[in-house]
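[1] coordinates for the following, if possible.
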Amino acid sequence: MHLPLLQDLLILIGFSTLIVLLLSKIRLPSILGFLLTGIIIGPYSLSLVSDPHDVEIISEIGVILLMFVIGMELSIKQLASIKKMVFVGGLLQVFVSIGITAVIYSFTGASWAESVFMGFLISLSSTAIVLRMFQDRNEMSSAQGKNSLAILIFQDLIVVSMMLIVPIISGHSESVIISILSLLIKSAVVIVITIISARYLVPKLMYEVAKTRSKELFLLTTFTICFAVAFLTSEAGLSLALGAFLAGLIISESEYSHQATSFILPFRAMFTSFFFISVGMLLDINFFISNIPLILGITLGVFVVKGSIAAFAVLLLKYPARVAILTGLALFQVGEFAFILSRVGIEYGLLTESTNQYFLAVSIVSMLLTPFVFIYSEQIASIFLKSKLGYVLNKNAAKDLPDDINVDELNDHLVIIGFGLNGSHLAKAAEANDIAFIVLEMDADIVKKERKKGTPILFGDASRLHILEKVHVRNSRAIVIAISDYEQSKNVVRAVRSICQTAYIIVRSKYVQESTELLTLGADDVIPEEFETSIEISSRVLSRFLIPTENIESFSSLVRADQYHLLESNKKLPKTHKSTNMPGLNITTIKVGRDSGSVVGKSIADSNIRNEFGVNIIGICRDNQMHFHFDSSEKIIQNDLLFVYGEPESIHKFYEKVS
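    Residues are numbered from 1 along each chain as shown. As a prediction, the model looks like this:
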C-alpha cells in the first residue's frame, strides 16, 4: 500500500533533520532550518512533496498547539494584569500599522480597499516565531517578552475581525451592521463560556482525571479540551487559533496546567516545525531571485516602519526606550496569520497573484531575519540609545520600569519533590526558618488539600524538563527528591542535571545499594531509609542554607520528641541571620555560645584556628552586620555567627570549642 502523505512526511522530517543539524553546527536557530527546508523541497524548487496542501493542514495543528500552550502558560489573572498593553498597546500597533501601510501602498495606484487590506497583512506579526524565540532565551517574563505577548494576543484577536471585514470593504457584503453585531455576539458568548469553564467545569474534570494517575487519560483529556474548544470557535466563525488559546486559558486556571503543558510540548515542537516548513514551501524561488532588490528594499521598509510603530506604542505606555526598542525589534516581521488572511484577500479580489508573491517573499525574508535580529537585539538597542534620539526618548520615558518580574518567580530556593512524610517534614523545617520553597507532587488529592492550606505545591512530574523550568530549578540552591520510586528518582536526577549543575541534590532511597547509581547520575547526597531519613534530609538542607547548627539541632530534637505541634503552629524557630548563597563551598554557620575559652575572647591569630582545627573563618556576622574583610587580629566573641569553611570533621571539632 502506497501512502503519499507518509512519503511526504518522511521527506519533511528527513530534510529538516539534516538542515537543522548543519545549522546547529554554526549555532543558528532551528526555525531557519525549517524555513529553508520548505524552500528547498517546495513546489518552486525540487518539488519533492506531492501535495503541499496536506502539509499545510498538518501545520495548522502546530499553530493550534502553540496557541494552546501559550494559553496554558497564562492565566485569566495574568491576562488581566497586561490588559492595558493588550488593548491599548495592541490597538495602537495594529491600527497605526494599517494606516501608515495603507497610505504608502496607495501611492502604487492601489484602491483604498486594497491599501487597507495590505495594511491588515503587514500589521500582523509572527506569534509562533516571536514566542518561540523568547522561550528559547528564557525572556518570557521580561518586560519586552510580556509586551510582545500582549500585542500578539491583540493581533490574534483582531485577525478574526479582519476576516469578517474583508467581504465588507471588497463590496461583497450587503449588511455591515449585521456582520458587526454577529461578531460582537459571538465574542461575548465565547468569553462567558471561557470564564465559566475555567472557574467551575475544567478544574473538577482535571481533578477527577488526575486522581486516576493514568498518564494516557490525562493526555487524552488535555488534547480533547484543546481541539474541542478550537473546533467550537471555528464553527462559530472565529479562528481555530483563538479557540486553542482560550482552551489553554481554561486549563491554566487549574493546578494541572504545568503537567498538561509538559505533555503537549513535544507534540507542539513537531507540528510547529511543519508550519514553518509549509511557509517556506510557498515561496517561488525564481520570482524571488528575479525581484530580489525590490523585495529586500520592501523588507527593510517593513523592518523600520513596523518596528518603529511597535516601539512607539510601548513608549506611549511609559516604558523605557530600551524596552520599547527590544519590543519593536521582536515584532517587525510579518506573521503566520497574515498567510491565512491573504487567502481570503485573494478570494475577494483584494490581492493579485503577483502582489501575493511579493507579500510572501517579504514575509518569509522577515521571518528568516527574525532569529538574527533577536541575537543582536541588545547590541542594536545599545547603539540606538547612544544616539541623540535615544537620549531624548529615555529622558521622556518613565524613570521606573513597571514590575516585569513574576511574583511567583523563585530564586535561591528549595525544591521538594514528593510530599510524603519526608517532604512534609522538610517543608515545615523550611517554613520554620523562612526558606523559600516549592513542592512538586503527583498525587492530586494531596495537591488539592495542601493548596487549601496555603502550601506552595504544584501538580507535576518532576522528570519533565518543562515542569522543572516552571519551578525555576536553574535558580534553586537545593533539591530534595523524597519519592519512593527508584527509577523515577533516577529520571528526576537526570532531568535536573541536564539543565542545572549547581543545585545541591539530595535523594531519598530505600536501600543502601541504590546510592551508587544515584550519585553517579549527579546526586550530591543519597539518604537510605535505614537512617533517620526525614531528620537527616531536613538537617542537611538547613545546613546548606547556612542555618546555625544549634537551630538545626533544636529542630531535630523537637522531631525526635514527637513535638510536631511546634512546627504545625505559626511559631517559628529563632531566625538569627539571612541565608547567604555560596554555591560550591562546604560552609557551615556556627553560633558562638561560650563567653570564654581557647578560642572565644581571643583573636584568630592567638587561637591559631587554621592550624589547630583545620578550618577557615570566611565571614563573621556580629550585631546583624556582616563582615568579610578582617585580619587575624579580629577577636571571636560570644553570640558571633561564624561562617566556617572546612572538612565536616574539622568543623565539628571547632564547633565543640565555641558552642
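[2] for this structure, longest strand please?
    Counting residues, the longest strand found in the chain (DSSP state E) is strand 615-622.
[3] quick one, phi psi at Thr355?
    The phi/psi pair for Thr355 (degrees, to the nearest 10) reads phi -60, psi -40.
[4] start at 20, not 1
    That works, and once the first residue is 20, the last one we named lands at Thr374.
[5] contacting residues for it?
    Listed by CB atoms under 8 Å, 6 or more residues apart in numbering, Thr374 has no contact partners. Backbone N, C-alpha and C define where each C-beta goes, glycine included.
[6] how about the one 5 residues further on?
    By CB under 8 Å, 6+ apart, the contact list for Leu379 reads Leu301, Leu302, Asp303, Phe358, Ser361.
[7] what about it, distance to His432?
    48 Å (CB to CB, to the nearest Å).
[8] check Leu334 too.
    35 Å.
[9] same question for Ile465.
    20 Å.
[10] in terms of neighbours, single out the busier of these two.
    Applying other CB atoms under 10 Å to Ile465 and His432 shows that His432 carries more neighbours, namely 22 against 19.
[11] list the contacts of that one.
    Ile454, Ala455, Phe456, Ile457, His491, Asn494, Ser495, Arg496.
[12] count the neighbours of the second one for me.
    A total of 16 residues lie near Ala455 under the criterion other CB under 10 Å.
[13] let me see the contact set for it.
    Leu429, Asn430, Asp431, His432, Leu433, Ala449.
[14] same check on Thr607?
    Contacts of Thr607 by CB under 8 Å, 6+ apart are Ser562, Leu565, Thr568, Phe662, Val663, Ile670, Tyr674.
[15] check which helix or strand it maps to.
    strand 606-610 (DSSP states H and E).
[16] and that strand, which strands flank it?
    Its sheet considered, strand 606-610 pairs with strand 660-665 (antiparallel) by DSSP bridges.
[17] buried stuff in the strand it pairs with?
    Residues Leu660, Leu661, Phe662, Val663, Tyr664, Gly665 are the ones in strand 660-665 that count as buried (16 or more other CB atoms under 10 Å).
[18] cool, and stretch 637-645?
    For stretch 637-645, burial by neighbour count (16+ other CB under 10 Å) applies to Gly638, Ile639, Cys640.
[19] so the second one touches Val663, yeah?
    So that's Ile639. No. The pair Ile639 / Val663 is not scored as a contact, 10.1 Å apart, by CB atoms under 8 Å.
[20] what distance separates the lengthiest helix in the chain from the centre of its chain?
    Counting by DSSP state H, the longest helix found in the chain is helix 162-188. Counting by CA atoms, centre = their mean, to the nearest Å, helix 162-188 is centred 22 Å from the centre of its parent chain.
[21] give me the helices and strands touching that helix, please.
    With contacts defined as 3 or more CB pairs under 8 Å, 6 or more residues apart in numbering; DSSP states H and E, helix 162-188 has these neighbours: helix 109-125, helix 131-142, helix 146-155, helix 195-215, helix 259-271, helix 311-335, helix 340-349, helix 355-366.
[22] domain boundaries for this protein, per the record?
    Using automatic domain parsing, the domains assigned to the chain come out as 75-271+307-415, 433-587, 606-677.
[23] out of those domains, which comes closest to Val39?
    Counting by CB to CB, Val39 lies closest to domain 75-271+307-415 out of the domains of the chain; the figure is 12.4 Å.
[24] ok so, going back, using a markdown table, lay out the contacts of Thr607 together with secondary structure.
    Listed next are these as a markdown table, based on DSSP: H, G, I helix; E, B strand; the rest coil:
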| residue | secondary structure |
| --- | --- |
| Ser562 | helix |
| Leu565 | coil |
| Thr568 | helix |
| Phe662 | strand |
| Val663 | strand |
| Ile670 | helix |
| Tyr674 | helix |
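[25] farthest-apart pair in those, please.
    Leu565 and Tyr674 (14.0 Å).
[26] what's opposite Ile525 in the beta bridge?
    Those that pair with Ile525 in a beta bridge, by DSSP bridges, are Val499, Asp544.
[27] for it, give me its contacts.
    Ile525 neighbours (CB under 8 Å, 6+ apart): Ala497, Ile498, Val499, Ile500, Ala542, Asp543, Asp544, Val545, Ile546, Ile556, Arg559, Val560.
[28] ok, so of these, who is nearest Ser617?
    So of those, ranked by how close each gets to Ser617 (CB to CB), first place is Arg559, at 28.8 Å.
[29] so that closest one makes contact with Asp543?
    No. Taking CB under 8 Å as the contact criterion, Arg559 and Asp543 are not neighbours in contact, 9.2 Å apart.
[30] and the gap between Ile566 and Cys640?
    13 Å.
[31] sorry, back to before: would you reformat the domains of the chain as a markdown table and include mean pLDDT and distance to Thr36?
    Formatted as a markdown table, the domains of the chain follow (pLDDT from 0 to 100; distance: least, CB to CB, whole Å):
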| stretch | mean pLDDT | distance to Thr36 |
| --- | --- | --- |
| domain 75-271+307-415 | 83 | 17 |
| domain 433-587 | 79 | 21 |
| domain 606-677 | 84 | 47 |
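[32] Throw those into CSV and include distance to Phe294, thanks.
    CSV is the format used below for the domains of the chain (distance: least, CB to CB, whole Å):
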stretch, distance to Phe294
domain 75-271+307-415, 4
domain 433-587, 20
domain 606-677, 50
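[33] all strands for the stretch 520-669 of the chain, in order.
    Counting by DSSP state E, counting those that start in this stretch, the stretch 520-669 of the chain has strands at residues 523-528, 544-547, 606-610, 634-641, 644-646, 660-665.
[34] likewise for the stretch 320-469 of the chain?
    433-436, 456-460.
[35] neighbouring contacts of the shortest one?
    Contact with strand 433-436 is made by 442, 445-446, 449, 454-459, 481, 490, 492, 495-502, 511, 522, 560, 564, as judged by CB under 8 Å, 6+ apart.
[36] just the C-alpha atoms of that strand, please, in PDB.
    What follows is strand 433-436 as a C-alpha-only set of coordinates in PDB (Å, rounded to 0.1, in the frame of the first residue of the first chain):
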ATOM      1  CA  LEU A 433      14.400  24.800  47.800                       C
ATOM      2  CA  VAL A 434      12.600  22.400  45.500                       C
ATOM      3  CA  ILE A 435      10.900  19.500  47.300                       C
ATOM      4  CA  ILE A 436       9.800  16.600  45.000                       C
END
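[37] got the buried residues for that strand?
    In strand 433-436, counting by 16+ other CB under 10 Å, buried: Leu433, Val434, Ile435, Ile436.
[38] and that strand, how far out from the chain middle?
    In this view, strand 433-436 has its centroid 19 Å away from the chain centroid, taken as CA atoms, centre = their mean.
[39] buried members of the contacts of Leu379 into ChimeraX, please.
    In ChimeraX, a selection of the buried entries from the contacts of Leu379 looks like this (16+ other CB under 10 Å):
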select :301,302,303,358,361
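[40] wait, which of the contacts of Leu379 is closest to Thr608?
    Phe358 (60.3 Å).
[41] for the stretch 420-569 of the chain, which segments count as helices?
    440-451, 463-472, 484-489, 505-518, 534-540, 552-563, 568-579 (DSSP state H, counting those that start in this stretch).
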